[in-house]
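> Build me a model from this:
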Amino acid sequence: MSIRVTALTDPDRTPSGHRLAWLADDAGEHPLGSAFLRVFTKEGQEHLAELSLTVHPAERRRGVGTRLLDAALAGARREARRSVIARAAAGSPGDRFLAGHGFRKVLTLTYARLALDRLDGDTIDAIAGRPHPGYRLVSWQGAVPPELAATFAGSRRAMDDMPMDDTDYGVVVWDVERVLAAARSIAERGDLLTTVAAVDVSDGSIVGFSELVVPGDGKGDGQHYGTGVLPEHRGHGLGLLMKAESIRLARAAHPDLTGLVTDTADSNTAMRRVNDALGYEPTHTALEYQLDL
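Numbering: from 1, shown residues only. The predicted structure follows:
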């Protein structure tokens, strides 16, 4: 079979990066597969690219994936990338493909789901309502309010030591501009972002946050994006408190929502305990792979 790989122009550009794209066909205009390479450009991740590669099931094991991978890796080298990461479900064809093409497994992620139709709402309300002396919660929809923007951006360093095992992920540098751009990107695709934050009452600064994104129609499953607490404020149950409040707000605002999903590194024992306490049930495992260029 003759395989042709064509580079495409991808208009998907954001303040944090852009994508390169390729299409594989059989030279007779029948598509066989595609590859996308997310090239990160923000400070702290200029070395990194993320690969997404798909081959039609009927066309696998014919060299299509290898040709697409070769094109993507050449693109990564032209962009002076040091590392390429990719994710696949454990035991899937993608898992075997990455392992067979020189990628090494660097992180194991467990996906879990909270079924809202089986949720014990009283338990969630009780957790969200527990007093935490010295702290209070605030929440907002979409972009952070201007009066909280600076301290919220500063709280993002709570994710700097998030367990990533051997992944060459870098340290993401957050400022107000990036915080606003991230919220704007979610809004532009039609989804709804809710953020719950923990505030230190002694100085009014945000010391932790939990983000939840819900489909624009309020149906289906919402997704937790990130939950973090600054190191100097850990050990007070703020992660559990904020995530419980996110669940409570989602149920109240979106009665047609069916569930909430989250993914957590297996090595992140603290957040796994939070998820267990809230009733999240594991659904599947994904593996993060990395190729060092």
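> Any chance of the backbone angles for the closest residue to Pro93 other than its chain neighbours?
Computed as C-beta to C-beta, 6 or more residues apart in numbering, the closest residue to Pro93 that is not its neighbour in sequence is Arg60, at 6.4 Å. Any C-beta I mention is one placed from the backbone N, CA and C, and that applies to glycine too. The phi/psi pair for Arg60 (degrees, to the nearest 10) reads phi -70, psi 160.
> And Glu46, by the same measure?
According to degrees, to the nearest 10, Glu46 has phi -70, psi -10.
> Is it correct that Asp161 is in contact with Pro231?
Yes - Asp161 is within contact range of Pro231, at 7.0 Å (criterion: C-beta atoms under 8 Å).
> The closest residue to Arg38 other than its chain neighbours sits in which helix or strand?
With sequence-adjacent residues excluded and distances taken as C-beta to C-beta, 6+ apart, Arg38 is closest to Glu50, at 4.2 Å. For Glu50, the element it lies in under DSSP states H and E is strand 48-55.
> What residues of the next helix or strand after that strand count as buried?
Downstream of strand 48-55, the next assigned helix or strand under DSSP H and E is helix 64-78. For helix 64-78, burial by neighbour count (16 or more other C-beta atoms under 10 Å) applies to Val64, Gly65, Arg67, Leu68, Leu69, Ala71, Ala72, Leu73, Gly75, Ala76.
> Including distance to Ala181, could those residues go into a markdown table?
Below are those laid out as a markdown table (distance: C-beta to C-beta, whole Å):
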| residue | distance to Ala181 |
| --- | --- |
| Val64 | 35 |
| Gly65 | 33 |
| Arg67 | 35 |
| Leu68 | 30 |
| Leu69 | 30 |
| Ala71 | 29 |
| Ala72 | 25 |
| Leu73 | 28 |
| Gly75 | 24 |
| Ala76 | 24 |
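> of all these, which comes closest to His30?
Val64 (11.4 Å; C-beta to C-beta).
> Pretty sure the closest one sits against Val55.
Yes - contact criterion C-beta under 8 Å: Val64 and Val55 qualify, at 4.8 Å.
> quick one, helices of the stretch 101-250 of the chain?
For the stretch 101-250 of the chain, applying DSSP state H, counting those that start in this stretch gives helices covering 121-128, 146-155, 176-188, 238-253.
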